[in-house]
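Visitor: pasted the sequence and its predicted model underneath.
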Amino acid sequence: MYQNSISIRLKRQIYSLSKPIVMGILNATPDSFYSNSRTQSDRGILSRTEEILGQGGSIIDVGGYSTRPTAGFVSPEEELERLSRALDIIRKAYPEAILSVDTFRASVAESVIKNFGVDIINDVSGGTLDENMFDVIARYNIPYILMHMRGTPQTMQTLTDYEDFIEEVMRFFAERINRLTALGVSDIILDPGFGFAKTAAQNFELLQKLACLQTFGRPVLAGLSRKSMLYKTLNTDAGHALAATIAANTLALTGGASILRVHDVKEAVEAISIFQHTYNPTE
(Lines give C-alpha, C1' and ligand atoms only; values in the text may rest on other atoms or scores of the structure.)
Protein backbone atom coordinates (compact mmCIF):
# COMPACT_ATOMS: atom_id res chain seq x y z
CA MET A 1 0.00 0.00 0.00
CA TYR A 2 0.98 3.61 -0.62
CA GLN A 3 3.54 5.18 1.75
CA ASN A 4 2.17 8.58 2.77
CA SER A 5 5.26 9.75 4.67
CA ILE A 6 7.50 9.97 1.60
CA SER A 7 8.89 13.35 0.57
CA ILE A 8 11.68 14.86 -1.54
CA ARG A 9 13.52 18.16 -1.52
CA LEU A 10 12.64 20.40 -4.45
CA LYS A 11 13.66 24.03 -4.95
CA ARG A 12 15.29 23.94 -1.49
CA GLN A 13 11.99 23.02 0.14
CA ILE A 14 10.51 19.76 1.37
CA TYR A 15 7.96 18.56 -1.17
CA SER A 16 5.47 16.16 0.34
CA LEU A 17 4.28 13.12 -1.55
CA SER A 18 1.62 12.30 1.02
CA LYS A 19 -0.68 12.34 -1.98
CA PRO A 20 0.62 10.82 -5.25
CA ILE A 21 1.41 13.31 -8.00
CA VAL A 22 1.49 13.35 -11.79
CA MET A 23 4.48 13.96 -14.04
CA GLY A 24 3.42 15.04 -17.52
CA ILE A 25 5.52 14.01 -20.51
CA LEU A 26 6.72 16.65 -22.98
CA ASN A 27 8.70 15.09 -25.82
CA ALA A 28 10.78 17.56 -27.84
CA THR A 29 11.50 14.74 -30.27
CA PRO A 30 10.32 13.64 -33.72
CA ASP A 31 10.24 9.91 -32.95
CA SER A 32 8.79 9.14 -29.52
CA PHE A 33 6.77 5.91 -29.56
CA TYR A 34 3.43 7.67 -29.00
CA SER A 35 3.09 10.04 -31.95
CA ASN A 36 0.62 12.38 -30.20
CA SER A 37 3.25 13.17 -27.55
CA ARG A 38 5.77 14.61 -30.03
CA THR A 39 6.04 18.36 -29.50
CA GLN A 40 8.51 20.31 -31.63
CA SER A 41 7.10 23.74 -32.54
CA ASP A 42 7.39 26.66 -30.12
CA ARG A 43 3.61 26.92 -29.93
CA GLY A 44 3.30 23.18 -29.41
CA ILE A 45 5.79 23.22 -26.53
CA LEU A 46 3.97 26.08 -24.82
CA SER A 47 0.56 24.52 -25.43
CA ARG A 48 1.69 21.18 -23.98
CA THR A 49 3.14 22.95 -20.93
CA GLU A 50 -0.14 24.78 -20.35
CA GLU A 51 -2.05 21.52 -20.76
CA ILE A 52 0.09 19.63 -18.21
CA LEU A 53 -0.09 22.38 -15.59
CA GLY A 54 -3.74 23.23 -16.29
CA GLN A 55 -4.83 19.61 -15.87
CA GLY A 56 -3.11 19.24 -12.51
CA GLY A 57 0.35 17.96 -13.41
CA SER A 58 2.96 18.69 -10.76
CA ILE A 59 6.13 18.02 -12.79
CA ILE A 60 6.94 18.44 -16.49
CA ASP A 61 9.36 15.81 -17.81
CA VAL A 62 11.12 17.10 -20.92
CA GLY A 63 12.89 14.67 -23.25
CA GLY A 64 15.13 15.29 -26.24
CA TYR A 65 16.12 11.70 -27.06
CA SER A 66 13.52 9.00 -27.61
CA THR A 67 14.31 5.90 -25.56
CA ARG A 68 11.70 3.69 -27.18
CA PRO A 69 12.93 0.23 -28.23
CA THR A 70 15.17 0.42 -31.33
CA ALA A 71 15.25 4.23 -31.14
CA GLY A 72 17.75 5.90 -33.42
CA PHE A 73 20.95 7.47 -32.10
CA VAL A 74 20.88 11.17 -31.26
CA SER A 75 24.11 13.07 -30.69
CA PRO A 76 24.64 14.89 -27.36
CA GLU A 77 24.68 18.18 -29.29
CA GLU A 78 21.33 17.55 -30.94
CA GLU A 79 19.76 16.30 -27.72
CA LEU A 80 20.92 19.41 -25.87
CA GLU A 81 19.72 21.69 -28.66
CA ARG A 82 16.23 20.17 -28.53
CA LEU A 83 16.11 20.38 -24.75
CA SER A 84 17.46 23.92 -24.55
CA ARG A 85 14.85 25.24 -26.95
CA ALA A 86 12.00 23.62 -25.04
CA LEU A 87 13.31 24.56 -21.59
CA ASP A 88 13.85 28.19 -22.62
CA ILE A 89 10.23 28.44 -23.77
CA ILE A 90 8.89 26.81 -20.61
CA ARG A 91 11.06 28.77 -18.18
CA LYS A 92 10.11 32.13 -19.74
CA ALA A 93 6.39 31.38 -19.54
CA TYR A 94 6.35 29.42 -16.26
CA PRO A 95 9.52 30.23 -14.26
CA GLU A 96 8.34 28.38 -11.15
CA ALA A 97 7.32 25.16 -12.90
CA ILE A 98 9.01 22.01 -11.60
CA LEU A 99 11.04 20.67 -14.51
CA SER A 100 12.56 17.24 -14.98
CA VAL A 101 14.85 16.37 -17.87
CA ASP A 102 14.95 12.87 -19.29
CA THR A 103 18.60 12.20 -20.17
CA PHE A 104 21.24 9.57 -19.49
CA ARG A 105 24.14 11.87 -20.40
CA ALA A 106 26.04 13.64 -17.61
CA SER A 107 27.12 16.53 -19.83
CA VAL A 108 23.54 17.19 -20.93
CA ALA A 109 22.31 16.95 -17.33
CA GLU A 110 24.92 19.43 -16.11
CA SER A 111 24.13 21.89 -18.89
CA VAL A 112 20.37 21.97 -18.28
CA ILE A 113 20.86 22.25 -14.52
CA LYS A 114 23.28 25.17 -14.88
CA ASN A 115 21.48 27.03 -17.67
CA PHE A 116 17.81 26.40 -16.93
CA GLY A 117 17.67 25.48 -13.25
CA VAL A 118 16.22 22.06 -14.00
CA ASP A 119 14.88 20.54 -10.78
CA ILE A 120 15.13 16.77 -11.42
CA ILE A 121 17.21 14.50 -13.65
CA ASN A 122 15.40 11.44 -14.99
CA ASP A 123 18.00 8.87 -16.09
CA VAL A 124 16.62 5.80 -17.86
CA SER A 125 19.95 4.02 -17.46
CA GLY A 126 20.34 4.46 -13.71
CA GLY A 127 23.86 5.76 -14.29
CA THR A 128 24.99 2.75 -16.32
CA LEU A 129 25.44 4.58 -19.64
CA ASP A 130 27.52 7.49 -18.32
CA GLU A 131 29.88 6.93 -15.41
CA ASN A 132 29.94 10.67 -14.69
CA MET A 133 26.20 11.00 -14.05
CA PHE A 134 26.29 10.26 -10.32
CA ASP A 135 29.06 12.84 -9.82
CA VAL A 136 26.96 15.50 -11.56
CA ILE A 137 23.92 14.69 -9.44
CA ALA A 138 26.01 14.87 -6.26
CA ARG A 139 27.65 18.15 -7.33
CA TYR A 140 24.34 19.92 -7.87
CA ASN A 141 22.48 17.98 -5.16
CA ILE A 142 19.16 17.69 -6.96
CA PRO A 143 16.61 14.84 -7.02
CA TYR A 144 17.49 11.94 -9.30
CA ILE A 145 15.19 9.38 -10.87
CA LEU A 146 17.07 6.08 -10.82
CA MET A 147 15.61 3.68 -13.37
CA HIS A 148 16.33 0.01 -13.93
CA MET A 149 17.45 -0.88 -17.43
CA ARG A 150 19.97 -3.13 -19.13
CA GLY A 151 21.96 -2.18 -22.21
CA THR A 152 20.97 0.78 -24.36
CA PRO A 153 17.67 1.79 -25.97
CA GLN A 154 18.94 0.06 -29.09
CA THR A 155 19.83 -3.26 -27.38
CA MET A 156 17.68 -3.47 -24.26
CA GLN A 157 15.01 -5.77 -25.66
CA THR A 158 17.64 -8.46 -26.31
CA LEU A 159 18.66 -8.41 -22.63
CA THR A 160 15.64 -9.89 -20.89
CA ASP A 161 17.22 -13.11 -19.60
CA TYR A 162 17.28 -13.04 -15.78
CA GLU A 163 18.01 -15.87 -13.34
CA ASP A 164 15.70 -14.32 -10.74
CA PHE A 165 14.00 -11.28 -12.22
CA ILE A 166 12.67 -9.45 -9.15
CA GLU A 167 15.74 -10.26 -7.08
CA GLU A 168 18.04 -8.86 -9.76
CA VAL A 169 16.00 -5.65 -10.02
CA MET A 170 16.19 -5.27 -6.25
CA ARG A 171 19.96 -5.87 -6.25
CA PHE A 172 20.38 -3.25 -8.95
CA PHE A 173 18.58 -0.65 -6.86
CA ALA A 174 20.43 -1.58 -3.66
CA GLU A 175 23.84 -1.24 -5.31
CA ARG A 176 23.00 2.02 -7.08
CA ILE A 177 21.39 3.60 -4.02
CA ASN A 178 24.48 2.74 -1.98
CA ARG A 179 26.72 4.42 -4.54
CA LEU A 180 24.58 7.54 -4.65
CA THR A 181 24.24 7.90 -0.89
CA ALA A 182 28.02 7.47 -0.51
CA LEU A 183 28.32 10.58 -2.71
CA GLY A 184 25.86 12.47 -0.52
CA VAL A 185 22.80 12.16 -2.76
CA SER A 186 19.67 11.80 -0.64
CA ASP A 187 16.74 12.55 -2.95
CA ILE A 188 16.46 9.38 -5.02
CA ILE A 189 13.28 8.34 -6.84
CA LEU A 190 13.03 4.73 -8.00
CA ASP A 191 11.62 3.84 -11.42
CA PRO A 192 11.38 0.07 -12.06
CA GLY A 193 11.62 0.69 -15.80
CA PHE A 194 8.49 -0.82 -17.29
CA GLY A 195 9.26 -1.78 -20.88
CA PHE A 196 13.03 -1.46 -20.55
CA ALA A 197 14.91 -4.77 -20.92
CA LYS A 198 11.80 -6.67 -19.83
CA THR A 199 9.36 -9.01 -21.51
CA ALA A 200 5.63 -8.42 -21.25
CA ALA A 201 5.36 -11.14 -18.60
CA GLN A 202 8.18 -9.56 -16.59
CA ASN A 203 6.52 -6.16 -16.81
CA PHE A 204 3.29 -7.54 -15.37
CA GLU A 205 5.18 -9.40 -12.64
CA LEU A 206 6.89 -6.15 -11.75
CA LEU A 207 3.56 -4.35 -11.57
CA GLN A 208 2.13 -7.10 -9.39
CA LYS A 209 5.12 -6.93 -7.02
CA LEU A 210 5.73 -3.18 -7.13
CA ALA A 211 5.30 -2.93 -3.37
CA CYS A 212 8.67 -4.71 -2.99
CA LEU A 213 10.34 -1.40 -3.79
CA GLN A 214 8.97 0.12 -0.59
CA THR A 215 11.79 -1.75 1.14
CA PHE A 216 14.11 1.09 0.11
CA GLY A 217 12.00 3.84 1.67
CA ARG A 218 12.20 5.97 -1.48
CA PRO A 219 9.49 7.46 -3.69
CA VAL A 220 8.53 5.17 -6.58
CA LEU A 221 7.72 6.45 -10.06
CA ALA A 222 5.60 4.35 -12.41
CA GLY A 223 5.95 4.97 -16.13
CA LEU A 224 3.27 2.81 -17.71
CA SER A 225 1.58 5.28 -20.00
CA ARG A 226 0.41 3.72 -23.28
CA LYS A 227 3.29 1.22 -23.28
CA SER A 228 3.45 -1.88 -25.44
CA MET A 229 2.93 -4.21 -22.46
CA LEU A 230 -0.59 -2.75 -22.38
CA TYR A 231 -1.56 -2.26 -25.99
CA LYS A 232 -0.02 -5.48 -27.29
CA THR A 233 -1.87 -7.42 -24.61
CA LEU A 234 -5.08 -5.91 -25.97
CA ASN A 235 -4.09 -6.31 -29.64
CA THR A 236 -4.30 -2.60 -30.28
CA ASP A 237 -1.87 0.33 -30.45
CA ALA A 238 -0.60 3.17 -28.26
CA GLY A 239 -3.31 5.51 -29.49
CA HIS A 240 -6.00 3.19 -28.11
CA ALA A 241 -4.37 2.37 -24.76
CA LEU A 242 -5.78 5.09 -22.50
CA ALA A 243 -8.17 2.81 -20.59
CA ALA A 244 -5.43 0.24 -20.11
CA THR A 245 -3.11 2.98 -18.86
CA ILE A 246 -5.65 4.14 -16.28
CA ALA A 247 -6.06 0.56 -15.06
CA ALA A 248 -2.29 0.01 -14.85
CA ASN A 249 -1.74 3.34 -13.09
CA THR A 250 -4.36 2.43 -10.50
CA LEU A 251 -2.60 -0.88 -9.85
CA ALA A 252 0.68 1.02 -9.51
CA LEU A 253 -0.89 3.34 -6.93
CA THR A 254 -2.02 0.35 -4.86
CA GLY A 255 1.55 -0.95 -5.11
CA GLY A 256 2.95 2.23 -3.60
CA ALA A 257 3.73 4.52 -6.53
CA SER A 258 4.18 8.14 -5.51
CA ILE A 259 4.53 9.57 -9.03
CA LEU A 260 2.71 8.63 -12.23
CA ARG A 261 4.59 9.60 -15.41
CA VAL A 262 1.95 9.97 -18.12
CA HIS A 263 0.88 11.38 -21.45
CA ASP A 264 -2.72 11.89 -20.26
CA VAL A 265 -2.52 14.14 -17.22
CA LYS A 266 -6.21 14.76 -16.54
CA GLU A 267 -7.06 11.07 -16.43
CA ALA A 268 -4.12 10.29 -14.12
CA VAL A 269 -5.10 13.10 -11.74
CA GLU A 270 -8.63 11.71 -11.64
CA ALA A 271 -7.35 8.18 -10.97
CA ILE A 272 -5.35 9.52 -8.02
CA SER A 273 -8.43 11.32 -6.70
CA ILE A 274 -10.47 8.11 -6.72
CA PHE A 275 -7.57 6.23 -5.13
CA GLN A 276 -7.30 8.84 -2.38
CA HIS A 277 -11.01 8.79 -1.66
CA THR A 278 -10.85 5.01 -1.35
CA TYR A 279 -7.74 4.58 0.78
CA ASN A 280 -7.37 7.97 2.50
CA PRO A 281 -10.94 9.27 2.78
CA THR A 282 -10.11 11.79 5.54
CA GLU A 283 -7.43 13.58 3.49
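Guide: Thanks, I have it. Residues are numbered from 1 along each chain as shown.

Visitor: quick one: stretch 133-148 to chain centroid distance?
Guide: 14 Å (CA atoms, centre = their mean, to the nearest Å).

Visitor: in that stretch, which residues are buried?
Guide: Buried residues in stretch 133-148, counted by 16 or more other CB atoms under 10 Å: 133-134, 136-138, 142-148. For the C-beta atoms, the positions are set from N, CA and C on the backbone; glycine is no exception.

Visitor: out of those residues, flag the one nearest to Asp187.
Guide: Of all the buried residues of stretch 133-148, the one sitting nearest Asp187 is Pro143; the distance, using CB to CB, is 3.9 Å.

Visitor: quick check, pLDDT for the nearest residue to the closest one once chain neighbours are set aside.
Guide: Once flanking residues are discounted, Pro143 sits nearest to Asp187: 3.9 Å by CB to CB, 6 or more residues apart in numbering. pLDDT, the model's per-residue confidence, is 97 for Asp187.

Visitor: picking up where we left off before, secondary structure and pLDDT for the buried residues of stretch 133-148 - can I get that in JSON lines?
Guide: Rendered in JSON lines, the data for the buried residues of stretch 133-148 read as follows (DSSP: H, G, I helix; E, B strand; the rest coil; pLDDT from 0 to 100):
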{"residue": "Met133", "secondary structure": "helix", "pLDDT": "98"}
{"residue": "Phe134", "secondary structure": "helix", "pLDDT": "98"}
{"residue": "Val136", "secondary structure": "helix", "pLDDT": "98"}
{"residue": "Ile137", "secondary structure": "helix", "pLDDT": "98"}
{"residue": "Ala138", "secondary structure": "helix", "pLDDT": "98"}
{"residue": "Ile142", "secondary structure": "coil", "pLDDT": "95"}
{"residue": "Pro143", "secondary structure": "coil", "pLDDT": "98"}
{"residue": "Tyr144", "secondary structure": "strand", "pLDDT": "98"}
{"residue": "Ile145", "secondary structure": "strand", "pLDDT": "98"}
{"residue": "Leu146", "secondary structure": "strand", "pLDDT": "98"}
{"residue": "Met147", "secondary structure": "strand", "pLDDT": "98"}
{"residue": "His148", "secondary structure": "coil", "pLDDT": "97"}
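
Visitor: can I assume Leu146 is in contact with Thr181?
Guide: No - in this structure, Leu146 sits apart from Thr181 without contact. The criterion is CB atoms under 8 Å, and the distance is 11.2 Å.

Visitor: what is in contact with these two at once?
Guide: Ile188 (CB atoms under 8 Å, 6 or more residues apart in numbering).

Visitor: related to what we said a few turns ago, how many other residues sit next to the residue nearest to Pro143?
Guide: With neighbours defined by other CB atoms under 10 Å, the count for Asp187 comes to 19.

Visitor: what sits against it?
Guide: Contacts of Asp187 were listed using CB under 8 Å, 6+ apart, and they are 8-9, 142-144.

Visitor: would you mind measuring from it to Lys266?
Guide: Using CB to CB, to the nearest Å, one obtains 28 Å as the distance from Asp187 to Lys266.

Visitor: what's the longest strand anywhere in the chain packed up against?
Guide: In the chain, assigned by DSSP state E, the strand with the most residues is strand 21-27. In terms of contact count using 3 or more CB pairs under 8 Å, 6 or more residues apart in numbering; DSSP states H and E, strand 21-27 is assigned the packing partners helix 42-54, strand 59-63, strand 259-262, helix 265-279.
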